[in-house]
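Test case, fold it:
(one chain, ligands or ions: 1)
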Amino acid sequence: MENLLTLLEKTFGYTSFRPGQLNIIEKILAKEPVLGIMPTGGGKSICYQLPALALPGVTLVVSPLIALMKDQVDSLQEMGVPAAFINSSLNYQEVQNRMRQARNGELKLLYVAPERLESESFQLLLESLPIDLVAIDEAHCISQWGHDFRPSYLRIPELLQGLPKTATVVALTATATPKVAEDICQLLAISPNNRVQTGFARENLAFQVVKEPKDIYLREYLKLNSGQSGIIYAATRKEVDRLYYILKDAKFSVGRYHGGLSEKERTANQEAFLFDDIQVMIATNAFGMGINKSNVRFVIHDQIPGNLESYYQEAGRAGRDGLPSEAILLFAPQDLQVQKFFIDQSQGTTEYQQQEYLKLREMEQYGHTQNCLQKYILHYFGEESGDCGRCSNCLDQREKVDVTLEAQKILSCIKRMGERFGKALVAQVLNGSKNQKVLQWHFEELSTYGLMKDWSQKDLTQLIDYLSAEGYLVASDGQFPVLKLSESGVSVLKGQQKVYRRQAQVKQLVADDALFEALRGLRSDLAQQQKLPPYMIFSDKTLQEMAEKQPQNSLEFLAINGVGQNKLDKYGADFIALINESA
Ligand code: ADP
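Down below sits the predicted model:
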């Protein structure tokens, strides 16, 4: 244990283990196959990287994404650990070189894509390597019950059988429902006793569901949090493009990423984001798997994703460094249509589609629930917890406005119009418009005509949207949805239920701090010289601690979390000089 801690400090610069890490590492070193389930940002990489250093031979890491491998290998090299990856981005000669390095014992970690395992020449190489440990990252990909099943992962059990007896396996994932976890254990012959699961909760994430007009909200949010890094997810390429253009026009530092862009453009945009050259990435879910950028301060979903597994995984990309961060869902019921469309178009069996519909319904419920959002998510993953006290539902209990009367006016108007029209016409009738369509249907004769003439069209439509989002109204499918009262809408109309509206608040995530900004500037310069993403040099959390403690010499500098020997040698002098200068 003591040796492990020394190794952790010296190489990675961390003074203690995170929950679950030591447990997993000790099992690996005792040669027991183990499954580790930890939330995103929980520190899964250390679970195999540290044993890799403690073991004499090579650790093989199976990882599904090229971007992730490169990122991890760069990080390791930055800490002075010899590592390499082999995947389809390399030419024949490069692959041969790395295989030779591995054979000669020049590498501690070798990252490979699962497809590699199918190649014969690679299997031959494996036989000649002293493999002590196989780490399987994103292990949920092995299960057909997972939301991200990869056929090439099915070769892994076979690979394991071919390994020497002294080798062991560690499977790691952030998103395993109990069923998926069971599946992984079974496929990889891991004893259920060797399942290490830390809480799924992300203590530094504040979840929010927002039912305000999206574009306005996004602009406000980005204005208040300019300078912070974030991701905005949308469900379709078209919506990504739309948001990209309006936010770019509004002079925000944004980039975009989706499958419709050329490979070259995608890579360039991704790099720009990783290097902090652009602050906000607007993307479909094609973006982010394997993006280890630790200083993402917010993840906003402009449209609801198809299930909670995807949502939690995507939202979890915020705040990997442990600093307070936000995960915001902009919830509008009509966006569910997009996901329903995806399910209908999917080639799956009826059973599969039904399962997906069920998952979508649970995702939708997340948008409606009045209870703690984190608790809702954790429950979905089979974990019970108390209220988080940070999410919008926990906080907003205080800030509710009673809009029962306004809601009744709207609901009554919809009823009187025969529940056959969309929100625009309802709003026009309520504020007494003389629009042709209003007159054509003789709606000026309704008792609700002009009942809310103090309200603007826009405010009215927003309130109607809010009532839809809260489930008091149900909208039909199609481009111009027709509004009907739901059961709860009827009980509001009868005065049996009250309606509260919660005002979403946009707040600044990070307070201004001159020294922190200066340190970020230095990091950015160094990153540029080294052609490395800034967060790989030091995380925001490490910089924040520097700004706080203001280390004056090497020893004090080494005591900062995230500073190991290698980084002290490389960067210590520059940062200490800057801190002294500003003192
Ligand atoms: P995961 O793969 O579980 O999403 P990572 O392995 O990328 O998470 O780790 C997330 C962040 O936490 C990284 O910036 C990593 O350096 C940091 N980290 C990991 N272990 C520790 C630790 N014991 N103490 C402090 N920071 C840690």
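
Any residue of stretch 308-319 touching the ligand?
No. If you take Cβ under 6 Å from any ligand atom as the test, stretch 308-319 misses the ligand, and the best it gets is 7.5 Å. In short, each C-beta sits where N, CA and C put it, glycine included.

Could you list the residues of the protein in contact with the ligand?
14, 17-18, 21, 38, 40-46, 292, 294, 320-321, 539, 561.

hmm, 5 Å instead?
Tyr14, Arg18, Thr40, Gly41, Gly42, Gly43, Lys44, Ser45, Ile46, Ser294, Arg320 (Cβ under 5 Å from any ligand atom).

Tell me which residue of the stretch 451-583 of the chain lies closest to the ligand.
Proximity of the stretch 451-583 of the chain to the ligand (Cβ to the nearest ligand atom) peaks at Ser539, 5.2 Å away.

what's the farthest-apart pair in the residues of the chain next to the ligand?
Largest separation among the residues of the chain next to the ligand by Cβ to Cβ: Tyr14 and Thr40, giving 17.8 Å.

hang on, the earlier thing: the residue of the stretch 451-583 of the chain closest to the ligand touches Val296, doesn't it?
No. Assessed by Cβ atoms under 8 Å, Ser539 is found out of contact with Val296, at 11.1 Å.

Mind checking which of these two has more residues around it?
Set side by side, Ser539 and Val296 show more neighbours around Val296, with 26 against 21, by other Cβ atoms under 10 Å.

For that one, give its distance to the ligand.
11 Å (Cβ to the nearest ligand atom, to the nearest Å).

can you check Lys264 too?
Noted for Lys264: a distance of 27 Å to the ligand, by Cβ to the nearest ligand atom.

Output the contacting helices and strands for the host helix or strand of that residue.
Under the criterion of DSSP states H and E, Lys264 resides in helix 263-274. For helix 263-274, the packing partners by 3 or more Cβ pairs under 8 Å, 6 or more residues apart in numbering; DSSP states H and E come out as strand 254-257, strand 280-283.

buried ones in it?
Across helix 263-274, burial judged by 16 or more other Cβ atoms under 10 Å covers Arg266, Asn269, Gln270, Phe273, Leu274.

Tell me who's in contact with Arg116.
For Arg116, the contact set (Cβ atoms under 8 Å, 6 or more residues apart in numbering) comprises Ile86, Asn87, Phe122.

that older thread, determine which two of the buried residues of helix 263-274 are furthest apart.
So, those by Cβ to Cβ: farthest apart are Arg266 and Leu274, at 12.4 Å.

related to what we said a few turns ago, closest one of the buried residues of helix 263-274 to the ligand?
Leu274 (13.7 Å).

Now do the closest residue to the closest one other than its chain neighbours against His301, distance only.
Using Cβ to Cβ, 6 or more residues apart in numbering and skipping the chain neighbours, the partner closest in space to Leu274 is Pro533 (4.0 Å). When distance is defined by Cβ to Cβ, to the nearest Å, Pro533 is 24 Å away from His301.

Report the contact partners of Pro333.
Pro333 touches Glu364, Gly367, Ser468, Ala469, Ala475, counting by Cβ under 8 Å, 6+ apart.

could you dump stretch 252-266 to PDB, C-alpha only?
The C-alpha coordinates for stretch 252-266 follow below in PDB (Å, rounded to 0.1, in the frame of the first residue of the first chain):
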ATOM      1  CA  PHE A 252     -19.500  33.400 -29.100                       C
ATOM      2  CA  SER A 253     -16.400  31.200 -29.400                       C
ATOM      3  CA  VAL A 254     -18.000  28.100 -30.800                       C
ATOM      4  CA  GLY A 255     -17.100  25.100 -33.000                       C
ATOM      5  CA  ARG A 256     -19.200  22.200 -34.300                       C
ATOM      6  CA  TYR A 257     -18.900  18.500 -34.700                       C
ATOM      7  CA  HIS A 258     -21.100  15.900 -36.400                       C
ATOM      8  CA  GLY A 259     -20.900  13.100 -38.800                       C
ATOM      9  CA  GLY A 260     -21.800  15.300 -41.800                       C
ATOM     10  CA  LEU A 261     -18.600  17.200 -41.700                       C
ATOM     11  CA  SER A 262     -15.400  16.000 -43.400                       C
ATOM     12  CA  GLU A 263     -13.000  14.000 -41.300                       C
ATOM     13  CA  LYS A 264     -10.500  16.900 -41.600                       C
ATOM     14  CA  GLU A 265     -12.900  19.500 -40.300                       C
ATOM     15  CA  ARG A 266     -14.000  17.300 -37.400                       C
END
